[in-house]
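Undergrad: Quick one, structure for this:
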Amino acid sequence: MVLPHRRGHSKIFADFVPARRGVILDRHDYVLAESVPTAEALIVPNLLRNRHYSIAKLRPLLSPLDVADRSFLRAIKHRHANPVYRLRPISRAEGRRIRELDLSGIFAFKTFDRVGQRPGTLADLIGGVDFFDNGASGLERHFQEVLDGTNGTTLLTLSGLGETLREENTEPAVDGRPLQLTIDRGLQRDVQHDLDQQLSSAVAASAVLLRPAGAVTALVDLGKGAHDGRVSAVDRAFEPGSAFDPITIAAAIDEGFVTSTESFLLPDIGSDGTLGDSVAGAGRSLSAARILAEPNDLGTILIGLRLGAKRFDRWVGTFGFGASTGLEMPGEHRGEVPELVPSAPAVMGVAPIGRGESVTLLQLARAFATFANDGREPVPYLIARFGHHIHPAPAARQVVSERTADIVLRSLASGIGGEVPAIEMSTGTFSPSNSTAAFVGFVPPEDPRFVLALYVHSLSGEALSSLRSVFRKISVSLAE
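TA: All right, here's what the predicted structure looks like:
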C-alpha cells in the first residue's frame, strides 16, 4: 500500500485489487476448490512508532482474543520480536477497519482464502496453493496459468478520521478461469467409502474408475502413504500378473495366430518343475476363450509362446505400457517394460502372464477400456472444461479390431458363472511374495459404462482376500 500524497486533511492510497483464483468443479458443477473473500494483515514490529499505542488500537478489532492473538500481542511489545508477523485470517470488514487506523507498521489488504477438499477425498489430486495464492501442488500447480488471475489497482480516499470517502478502480482485476474436471464427486465418495470399509487393514489401496471413452470418473487413494501429495493410481507401478492375460490373448487373436475356439492341451507340471503326467488333470484341454475366462496362466503362456517374443514385445508397446497415458497431471509413472527379444526363451515363460513388467493402475484400466471401446484405446483425461472452452475427449486409437474386443468381453463374461454377480467381469492377480492384489473389470457387462480397477498392498491376507468382495460391492453400486 502506497501513500503518494495528502490532499488537505484527506489522504489518497493506491491499493491493489486481488484477482479471485478460478474455481475447480466436478463434472456436475459441484465445487471442489474455490477462493472466498478474506483479508490479510501483516505487522512489522520495527516499523511501529508507538507499540503500546498501536496494540491498544488494534486489540478491540481482534476481540475476542484467542491464545494465538494474546501471544502475538505480547511478542510485538519487545524489540527483539520477529521481523514480520502474519495475523490470523480476518474478514474483509476487519481488514478495512485495520487499514483505516493508518498505523505505521501495520498493513491490511484484501485477498482470498482457498477452500478445498479435506484430506482423504480429492485433496491429493486437487493440490494446494501457497501464501501468495499460487498453485503449490497437484492440479492447482499444473493449471496455474488457467486458474491464476491478474490483480488490479484502486485509489482510496480516506478522511482525516480514517474513514473511506471514495474508492475508485483504476484497473479492474481479472479473475482466473474455472476448471471443470471429469471427476464425479458422488462416485468418488462411494468408491472410497466401500474401499475404506472393507480394506481398513490394508497398507495402501487405490482405485480408478474410467469411462470407455477415457474420462476419469474417480481416483482414490487409501492407507499409509496416502495424502502425501501424490496419486498412487498414477505414480505407483506393480506387476499386473493375471490381469495381463487378456492383453496377451487379444494380441494373439488379432494377429490371427489363434482363434477363440481353438483348443490347447495343457501340460502337467510336476513338483520338480518338469512337464509330466503325475498330477491329476494332466492333458486338460481348454479353448482360448476359456483360458481367458478362467483365467488360466499356463494356457496364456502357451498362447504367448505361439505369438512369439518379438510380436509380444510390440503388442505391449501398442497397448501403451511403458509410456505415459497422457493424463493432464504431473508425476505419472511410465511403468517398466523389459526388452524381451535377447532373452526370449526364458522371459516368455512368464511375461505373457504379467511377470517382469510393471504397470500403473491407470495404464491397466486404459488397456481394458480398449475392449469396452470397440478396440479403440482411449487417452485418459481429467479436464472437461477450462474457462469457456469445452475440452473434447482426445481421439482414441484403434488397437485391436472390434471383433477381437468383443471376443474378450464375451469371454470374460462367460468366466463369471455363479461365483460373482453377472454385472461384474474381472480378472485379477495375487502376489503372496509382495502381498499385493489387483482386479480390473467392466460394469455392466452387456454395455460397459465403466472400467473399474482396484489395487491393494497389505501385510495381511485379510485385506487381500476381501478384494474380490470389494470389487463386487462397488460393481453392484455402479450398476444401480
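Undergrad: Tell me the first helix or strand C-terminal of the longest strand along the chain.
TA: Identified as the longest strand of the chain according to DSSP state E is strand 31-43. Downstream of strand 31-43, the next assigned helix or strand under DSSP states H and E is helix 51-62.
Undergrad: Remind me what that next one packs against, helices and strands.
TA: In terms of contacts (3 or more Cβ pairs under 8 Å, 6 or more residues apart in numbering; DSSP states H and E), helix 51-62 is packed against helix 67-75, helix 92-101. (C-beta placed from N, C-alpha, C; glycine too.)
Undergrad: lowest-confidence stretch among those helices?
TA: Mean pLDDT is lowest for helix 67-75 out of those, coming in at a mean of 62.
Undergrad: count of neighbours near Asp190?
TA: Other residues near Asp190 number 18, with proximity taken as other Cβ atoms under 10 Å.
Undergrad: actually Asp148, sorry about that
TA: Neighbours around Asp148, by other Cβ under 10 Å: 20.
Undergrad: now swap in Glu402 and tell me
TA: Glu402 is flanked by 12 other residues according to other Cβ under 10 Å.
Undergrad: go on, the one 4 residues further on?
TA: Other residues within reach of Asp406, judged by other Cβ under 10 Å, total 15.
Undergrad: can you pull the contacts of it?
TA: Listed by Cβ atoms under 8 Å, 6 or more residues apart in numbering, the contact partners of Asp406 are Asp374.
Undergrad: which stretches of the stretch 251-400 of the chain have low pLDDT?
TA: Filtered on pLDDT under 70, the stretch 251-400 of the chain yields the residue ranges 268-283, 340-346.
Undergrad: those strands in it, which residues are they?
TA: 263-265, 268-269, 275-276, 285-287, 359-360, 376-377, 383-386, 389-390, 397-398 (DSSP state E, counting those that start in this stretch).
Undergrad: These: which one's closest to Ala293?
TA: Ala293 lies closest to strand 285-287 among the strands of the stretch 251-400 of the chain, at 9.0 Å (Cβ to Cβ).
Undergrad: all strands for the stretch 51-200 of the chain, in order.
TA: Ranges of strands in the stretch 51-200 of the chain, per DSSP E, counting those that start in this stretch, are 85-86, 106-115, 152-158, 164-171, 179-181.
Undergrad: Can I get those in JSON lines including mean pLDDT, mean neighbour count and distance to Arg97?
TA: Below are these laid out as JSON lines (pLDDT from 0 to 100; neighbours: other Cβ atoms under 10 Å; distance: least, Cβ to Cβ, whole Å):
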{"stretch": "strand 85-86", "mean pLDDT": "70", "mean neighbour count": "14", "distance to Arg97": "18"}
{"stretch": "strand 106-115", "mean pLDDT": "81", "mean neighbour count": "19", "distance to Arg97": "8"}
{"stretch": "strand 152-158", "mean pLDDT": "76", "mean neighbour count": "16", "distance to Arg97": "12"}
{"stretch": "strand 164-171", "mean pLDDT": "71", "mean neighbour count": "11", "distance to Arg97": "10"}
{"stretch": "strand 179-181", "mean pLDDT": "96", "mean neighbour count": "24", "distance to Arg97": "35"}
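Undergrad: Ala207 sits in which helix or strand?
TA: In the assignment (DSSP H and E), Ala207 maps to strand 204-210.
Undergrad: after that strand, next one along is what?
TA: With DSSP H and E, the next secondary element past strand 204-210 is strand 216-223.
Undergrad: which strands and helices sit next to that following strand?
TA: helix 185-198, strand 204-210, helix 232-235.
Undergrad: can we see that at 7 Å?
TA: Under the contact criterion of 3 or more Cβ pairs under 7 Å, 6 or more residues apart in numbering; DSSP states H and E, strand 216-223 touches helix 185-198, strand 204-210.
Undergrad: The last one pairs with which strands, and in what direction?
TA: Meaning strand 204-210. strand 216-223 (antiparallel), strand 450-457 (antiparallel) (DSSP bridges).
Undergrad: Show me how far the last one is from its chain's centre.
TA: Here strand 450-457 shows a centroid-to-chain-centroid distance of 13 Å under the convention Cα atoms, centre = their mean, to the nearest Å.
Undergrad: what angle do that strand and helix 185-198 make?
TA: Strand 450-457 runs at 30 degrees relative to helix 185-198, counting by axes from the mean of the first three to the mean of the last three Cα atoms, to 10 degrees.
Undergrad: Also the first one?
TA: Strand 216-223 and helix 185-198 are oriented at 30 degrees to each other (the same axes, to 10 degrees).
Undergrad: Alpha carbons of strand 216-223, as CSV, please.
TA: Provided in CSV are the C-alpha atoms of strand 216-223 (Å, rounded to 0.1, in the frame of the first residue of the first chain):
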residue,chain,number,x,y,z
VAL,A,216,-11.5,-40.4,-15.4
THR,A,217,-14.5,-40.5,-13.1
ALA,A,218,-12.8,-41.4,-9.8
LEU,A,219,-9.2,-41.7,-8.4
VAL,A,220,-9.0,-43.0,-4.9
ASP,A,221,-6.0,-43.4,-2.5
LEU,A,222,-6.2,-45.0,0.9
GLY,A,223,-3.9,-46.3,3.6
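Undergrad: pLDDT (mean, whole number) over that strand?
TA: Per-residue scores along strand 216-223 average to 88.
Undergrad: Can you name the residues in contact with that strand?
TA: Applying Cβ atoms under 7 Å, 6 or more residues apart in numbering, the external contacts of strand 216-223 come out as 124-125, 182-184, 187-188, 191-192, 195-196, 199, 202-211, 231-233, 380-382, 450.
Undergrad: quick revisit: nearest to Asp26, of the helices and strands packed on strand 216-223?
TA: Taking Cβ to Cβ, helix 185-198 is the member of those nearest to Asp26, at 4.3 Å.
Undergrad: roughly how far is that closest one from the heart of the chain?
TA: 14 Å.
Undergrad: Name the nearest residue to Arg311, sequence neighbours excluded.
TA: Glu255 (6.3 Å; Cβ to Cβ, 6 or more residues apart in numbering).
Undergrad: okay but that neighbour is in contact with Phe312, surely?
TA: No: counting by Cβ atoms under 7 Å, Glu255 does not reach Phe312; the two are 9.9 Å apart.
Undergrad: returning to what we had before: dump the strands paired with strand 204-210 into a markdown table; add distance to Asp29 as well.
TA: A markdown table is the format used below for these (distance: least, Cβ to Cβ, whole Å):
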| stretch | distance to Asp29 |
| --- | --- |
| strand 216-223 | 15 |
| strand 450-457 | 21 |
